[in-house]
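1. Sharing a model that was predicted from the sequence below.
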Amino acid sequence: MAGDLKEKRDITQQLTADLEGLSSYILDLMGTIPHPVYVVNATGTIVDGNEALEQLTGWSLEELLGERHRVIFAEEATAEEVDKETLERGYLTGKELMLLTKQGERIPVSMCTRARIDDSGNVSYVATLIDMTEHQRMEGKLRQSEKRYRLLAENAADVIWTVDLNMRLTYISPSVTRLLGYSVEEAMAKGMEEVFTPASFEVAMKALAEELAIENMENKDLSRSRRLELELNCKDGSIVPVEINCSFLRDADGRAVEILVIARNISERKQVEERIKHAAEEWRKTFDSISDLVSIHGKDNKIVRVNMAYADAFNMKPKDLIGKPCYEVVHGTKEPWPNCPHKQTLETKKPAMAEFFEPHLGIHLQVSTSPMFNEKGEVVGSVHVARDITERKQIEEQLVMTDRLASIGELASGIAHELNNPLTSVIGFSQLLMDGNIPDDVKEDLGVIYSEAQRAANIVKNLLTFARKHAPVKQLSQVNSIIEDVLKLRAYEQKVSNIQVDTRFATNLPAIMVDYFQMQQVFLNIIINAETAMSDAHNKGTLTITVERVNNVIRASFADDGPGIAKENLSRIFAPFFTTKEVGRGTGLGLSICHGIVTEHGGRVYARSELGKGATFVVKLPINAH
């Protein structure tokens, strides 16, 4: 007991001496430092400490003073190691140790020491402890995060790499092998100019220069990224298209230090895009190859799209039609057409169709419209298909005319037979009377009766011919020869009327089966009409007759330089009894008879003309017709 008291007094005296040997600034410093700080003498005994030490260890300062500082370490050897290294070197920096609290809790700390010798030669040192619990926890999280992101990078399908600002690779993920065929080591050994194709490398360098220029700007967006589509070189020499997203990796101060690049293989997408492009091109070609006039119109009547046939019909380019109102293009008006099928489709949501003659274009059109719907089922426009049915209308008119001619022929036949008997009597008796002994004035009157009766008989004869009651007698004949015989008959009349005839007959034409006299009548009627038109217009003229073979048809055309035929009369000239001549100069049966004869021969006769530019009559006869 007495020995223990003596030892205690000795320790107290020693501590007092040690404390007096410390410089005053250390004592002041300990109270202000937030980290645990304590002072150890040469024997490793704690001679002082601060409040932070108490908070960390759970020991009060009174309990620690006079104790060897190994009491606060988890391992006894740790205190001896610290003492030895501090006294030998004079300091320790960042030594990582495990602290043991009064409650037995182990706390990781980082220790720094500094030895000091006072004026009396006493050695001591100050130890500063930094609690590393939070630091190690954060390091653990960081390691876990790094592990997680590395696992993500190394298993990602996309290739992830980082480069410094000089475009040198600093990291590349293993997926580079799947994409380019290189191992990670092979890829890391390559420069970026080898990874990119030349054109893509140029694009990448340009983008980098632009981004670095932005870095020098104030108020820049630090989270910005850039997307590029480039091409990379594969190990086997092939090229793969990729979409890359680039962004800067930054330090704590926000300065760009590296570039993060994520590259995705877009080969499949490119193939799909190419297929879509090809399909679109095929659709466009199909759209433009349609001979009908196809167009798409919006609800506002404006043209959205047209095919080439539509553009050609208006002598315009497709792009020049887009956005124009359809009624302005088609009808040449400022307002929609009253019976427009487009308007009907918009109202009913059903297809519509209309046929009309368009004077603005001079053609008959059949227009059908079909509705276009959006995803809500609303009509947003219509598809127009317009067809030129002018030829069909002409054929229909010819069929109507043919039917009308047949009906009129039946009527004419009956009338002709009824008139033949009285006309025969009038002609016979008038001739007998003229042969008798009668006064001259009476004989002159009988001559008029006889002449007019003969004229009426000729009309009846034409009516019978028109009625076609007698089947034609066909034989092999040359069209050129028939026309030449007609011209011989008309040579005198043409000479006195100053009519020049220009014949352009193809040679080696085949003979065809026709009724010679009926075809002579056809050509004679057409030539006489041409002569009359030119003589009435300017007392002269030129008739150009062309005969040629076109496929399996002999085509004879008769073109005059007369006044031409008015458009409203052009479709009526073959109608029975239609004539533009003065009363007494024609019955209107000539061309209708021509029409009947040519039709009977399986051919076709029609006229082309513009007022003031002459007229052309065309006769087409099939080769080897029977």
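-> Here it is on my side, so go on. These numbers come from a predicted model, not from an experiment. Residues are numbered from 1 along each chain as shown.
2. contacts and neighbour counts: CA atoms only from here.
-> Will do.
3. residue ranges of the helices in the stretch 101-250 of the chain, please?
-> Applying DSSP state H, counting those that start in this stretch to the stretch 101-250 of the chain gives helices spanning 133-155, 176-180, 184-188, 192-195, 198-215.
4. Out of the ones you listed, which gets nearest to Glu76?
-> Nearest to Glu76 among the helices of the stretch 101-250 of the chain is helix 133-155 (21.0 Å), distances taken as C-alpha to C-alpha.
5. any idea of the mean pLDDT in that closest one?
-> Mean pLDDT, computed over helix 133-155, is 69.
6. Contact partners for Ile130?
-> Ile130 makes contact with 35-36, 109-111 under the criterion C-alpha atoms under 8 Å, 6 or more residues apart in numbering.
7. 10 Å - rerun?
-> Applying C-alpha atoms under 10 Å, 6 or more residues apart in numbering, we find Ile130 in contact with 34-37, 56, 94, 96, 108-112.
8. farthest pair in the residues you listed?
-> Based on C-alpha to C-alpha, the longest span within the contacts of Ile130 runs between Pro34 and Glu96 and measures 18.6 Å.
9. so how far is stretch 610-623 from its chain's centroid?
-> 46 Å (C-alpha atoms, centre = their mean, to the nearest Å).
10. that older thread, most neighbours among the contacts of Ile130, which one?
-> Neighbour counts for the contacts of Ile130, by other C-alpha atoms under 10 Å, peak at Val37, which reaches 24 neighbours.
11. from what I can see that residue touches Val47, true?
-> No: Val37 lies out of contact with Val47 (C-alpha atoms under 10 Å); the separation is 11.1 Å.
12. quick revisit: pick the one among the contacts of Ile130 closest to Ile438.
-> Relative to Ile438, the closest of the contacts of Ile130 is Pro108; by C-alpha to C-alpha it sits at 164.9 Å.
13. Quick one, grab the pLDDT at that closest one.
-> With respect to pLDDT, Pro108 scores 90.
14. again, but for the one 5 residues further on
-> Here the pLDDT value assigned to Thr113 is 88.
15. count of neighbours near Ser230?
-> Residue 230: Leu, not Ser. Using other C-alpha under 10 Å, Leu230 has 19 neighbouring residues.
16. Tell me the residues that contact both of Val37 and Val47, please.
-> Val126.
17. Val257: which element?
-> Assigned by DSSP states H and E, Val257 falls within strand 256-265.
18. If you count contacts, what does that strand end up packed against?
-> Contacts defined by 3 or more C-alpha pairs under 10 Å, 6 or more residues apart in numbering; DSSP states H and E place strand 256-265 against strand 159-164, strand 169-172, helix 176-180, helix 198-215, strand 225-233, strand 239-250.
19. Need the winner for burial among those.
-> Stretch with highest mean neighbour count among the helices and strands packed on strand 256-265: strand 159-164 (a mean of 20; mean count of other C-alpha atoms under 10 Å).
20. So the nearest residue to Leu524 once chain neighbours are set aside versus Glu548, what's the distance?
-> Leaving aside its chain neighbours, Leu524 sits nearest to Val486 (6.0 Å; criterion: C-alpha to C-alpha, 6 or more residues apart in numbering). Remark: distance between Val486 and Glu548 (C-alpha to C-alpha, to the nearest Å) = 18 Å.
21. got the contact list for Tyr310?
-> Tyr310 sits next to 288, 290-295, 316-318, 321, 385-387 when contact means C-alpha under 10 Å, 6+ apart.
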